[in-house]
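*Asks:* Mind looking at a prediction? Sequence and model below.
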Amino acid sequence: MTDTLLRPAARNASLRSRLGRLAEAATTPLLPADYLDLVAPLRSGTDLRARIVAVQPETKDAATIVLKPGVDWAGHVPGQYVRIGIDVDGVREWRAYSLTHGPRADGLISITVKAVPDGKVSNHLVHVARPGTLVHLEQATGDFVLDPSATKLLFVTAGSGVTPVIGMLRNLFPVTDSGVVDLPRSAHLDIVVVHIAPTEPDSIFLDNLRELATHGAITLVPRYDDQHGILDVNDLGTLVPDLAERTTYACGPGGLLDALTAYLTTPLFTEQFRAAWVEAGDGGTLTVGGITVDADGSTPLLDVAEAAGALMPSGCRMGVCFGCVLPLKEGAVRDLRNGTITTADPISSANGGVPIQTCISAAAGPCTLGEKAAR
């Protein structure tokens with residue numbers, strides 16, 4: 001069959017295929033895809049990426065990063081998070097951040113990052129990253145989303161834990177240049193927000209929360225540690241008199257979430273990104289990838305190994321995605337979230353080792369890791 005007998009779409013596909021083969025022959029060992037990555041990195045069919053459009057300061061150590069995602073971005077539900085991969089000092093680092101808005105008409109997405117002490121990626125995004133920078137992206141995920149049947153809601157947020165909640169609130173009550181927009185889908189909601197921060201200037205999105213409160217969209221109960229002291233969850237009943245009638249969504253440090261879980265008898269949904277470490281263990285040595293290095297009892301093995309130059313698998317770095325799992329061949333490690341000790345010896349690990357998450361495990365004595373996760 002000749003090209004003249006082919007349908008237009010088929011002729012175009014055939015032509016593109018022949019041109020692609022010619023281009024590949026002319027550019028070997030580089031393929032056309034390599035060049036397309038330079039001129040069209042956000043195109044369909046390639047690894048998902050995003051381009052930084054803006055870096056907007058929120059506080060002295062927090063900023064909102066606005067991103068233009070690639071064509072294959074599948075969208076998100078407010079409250080979900082996304083994993084971002086960015087090259088820092090020649091190493092691709094991945095971190096998870098909440099999306100701080102609902103679906104936008106312009107197709108952009110945003111995350112808000114708080115720079116934490118010694119945080120390699122958070123400090124880079126807040127203080128170094130510039131518009132135009134390309135980052136790697138994964139599709140949104142997470143179950144911290146609103147139950148559509150709940151009408152009386154309580155949000156308890158602490159520090160950067162406000163980020164997924166602000167995404168929900170902005171979706172329910174969009175703010176435009178002319179003010180807060182009332183949407184029919186949100187008219188039946190009764191929302192209280194207890195927002196905790198170390199100080200008022202450290203309160204991320206405070207202006208946005210106050211605008212929603214002034215409009216009547218939410219009842220805002222701000223709590224600042226320097227003014228009110230550390231929140232005692234037993235005081236929630238006083239701060240929110242109808243607490244027993246509300247569905248609670250909470251995001252913040254592990255201690256706060258544990259206290260709420262023990263205190264509340266009503267529906268509670270929680271989200272935690274930074275693990276709550278327990279008291280450090282004794283430490284020891286870490287052997288991995290032919291390297292042996294001293295490891296204290298409070299630093300995750302992933303960080304210890306990377307600092308020593310070992311190439312390690314990693315993912316969210318918060319104990320969620322299991323992208324960092326390696327087999328413990330011998331020795332003992334401590335789970336930094338709850339203090340659980342995991343041990344292995346050459347006999348018990350003969351079938352491959354005991355799988356551990358290196359991002360939330362610290363040395364509890366000498367320990368040796370294998371190169372592949374046990375199956």
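*Replies:* That came through, no problem.
*Asks:* gap between the helix or strand in which Val82 is found and the chain center?
*Replies:* Using DSSP states H and E, the secondary-structure element containing Val82 is strand 81-88. The chain centroid and the centroid of strand 81-88 are separated by 8 Å under Cα atoms, centre = their mean, to the nearest Å.
*Asks:* May I have the beta-bridge partners of Leu326?
*Replies:* Ile356 (DSSP bridges).
*Asks:* Contacts only, for it.
*Replies:* Contacts were defined as Cβ atoms under 8 Å, 6 or more residues apart in numbering; by that measure Leu326 touches Val288, Met312, Pro313, Gly353, Pro355, Ile356, Thr358, Leu369, Gly370, Glu371, Lys372, Ala373. From N, CA and C alone the C-beta is placed, and that goes for glycine too.
*Asks:* now Leu256
*Replies:* Residues in contact with Leu256 (Cβ under 8 Å, 6+ apart) are Val156, Ala158, Ile196, Leu231, Val233, Ala250.
*Asks:* neighbours around the fourth one, how many?
*Replies:* Using other Cβ atoms under 10 Å, Leu231 is surrounded by 19 other residues.
*Asks:* so is it in a helix, a strand, or just coil?
*Replies:* Here Leu231 takes the coil state, with states given by DSSP: H, G, I helix; E, B strand; the rest coil.
*Asks:* isn't it right up against Ile196?
*Replies:* Yes. Leu231 is within contact range of Ile196, at 5.6 Å (criterion: Cβ atoms under 8 Å).
*Asks:* circling back to that earlier point, highest neighbour count among the contacts of Leu256?
*Replies:* When neighbours are counted as other Cβ under 10 Å, the busiest of these turns out to be Val156, with 30 neighbours.
*Asks:* what residues are up against that one?
*Replies:* By Cβ under 8 Å, 6+ apart, the contact set of Val156 is Val194, Ile196, Leu236, Thr248, Tyr249, Ala250, Cys251, Gly252, Leu256, Leu260.
*Asks:* how about 6 Å then?
*Replies:* Val194, Ala250 (Cβ atoms under 6 Å, 6 or more residues apart in numbering).
*Asks:* Can you pull the phi/psi pair for Asp226?
*Replies:* Backbone torsions of Asp226, given as degrees, to the nearest 10, read phi -70, psi -20.
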